[in-house]
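> Quick check, what structure comes out for this input:
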Amino acid sequence: MLAGFGAGCTSSETQNSPTVEKAKQDAREAADKAAAEAREAKAAISRRIDQLDAKADELAEKSKKAGAKAKARMEKEGRELKEEAKRLRDKMSTWDDKADSAWRATKREVEEGLDKTEAALKKMVD
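Residues are numbered from 1 along each chain as shown. This is a model prediction of the structure:
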């Protein structure tokens, strides 16, 4: 009787095997797709942060030609921009540790912070 039970389990496992393998394959493909999307998003945001750093450097350069009061304000803004860029880079570096939905939330937060900082920079330069 035990042999019959064991044989029944084996045939059941064989029937489920293609389904299980398909599910595993689908999960691997979804994980690969999410990882690729995360890499692309990181690269895009990294470029934006690099641009923010460059703008902060431009601001520092312009501050050299400004009057004392304007120079102090521009230098302060430049430092704050650099600090914000560093904070955003640090936050972005945590994506690798997060599940799909969590890195997307972090991506959204980083993008919002970057949008806010870029708007502040644009307002200050204009």
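> what comes up buried for stretch 76-89?
For stretch 76-89, a neighbour-count test (16 or more other Cβ atoms under 10 Å) marks Glu77, Gly78, Leu81, Lys82, Glu84, Ala85, Leu88, Arg89 as buried. (C-beta placed from N, C-alpha, C; glycine too.)
> quick one: which two of the residues you listed are the most distant?
Glu77 and Arg89 (18.7 Å; Cβ to Cβ).
> Can you name the next helix or strand after the top helix by length along the chain?
Longest helix in the chain by number of residues (criterion: DSSP state H): helix 2-63. Scanning forward in sequence from helix 2-63, with DSSP states H and E defining helices and strands, the next element found is helix 68-92.
> Give me the contact list for that next one.
Contacts with helix 68-92, where a contact means Cβ atoms under 8 Å, 6 or more residues apart in numbering, come from 42, 45-46, 49, 52-53, 55-57, 59-60, 62-64, 66, 106-107, 109-110, 113-114, 117, 121, 124.
> which strands and helices sit next to whatever helix or strand comes next after that helix?
If you walk from helix 68-92 toward the C-terminus, the next helix or strand you reach (DSSP H and E) is helix 100-125. The helices and strands touching helix 100-125, judged by 3 or more Cβ pairs under 8 Å, 6 or more residues apart in numbering; DSSP states H and E, are helix 2-63, helix 68-92.
> Would you mind saying which of those lies nearest Ala102?
Nearest to Ala102 among these is helix 2-63; the distance by Cβ to Cβ comes to 10.7 Å.
> starting at the chain centroid, how far to the closest one?
What separates the centre of helix 2-63 from the centre of its chain is 13 Å, taken as Cα atoms, centre = their mean, to the nearest Å.
> Hmm, Thr106 is touching Thr94, no?
Yes - Thr106 is in contact with Thr94 according to Cβ atoms under 8 Å; the separation is 6.4 Å.
> who has more neighbours, these two?
Using other Cβ atoms under 10 Å, the more surrounded residue of Thr106 and Thr94 is Thr106, with 19 against 12.
> Return the distance of that one relative to Ala56.
Distance from Thr106 to Ala56, counting by Cβ to Cβ, to the nearest Å: 23 Å.
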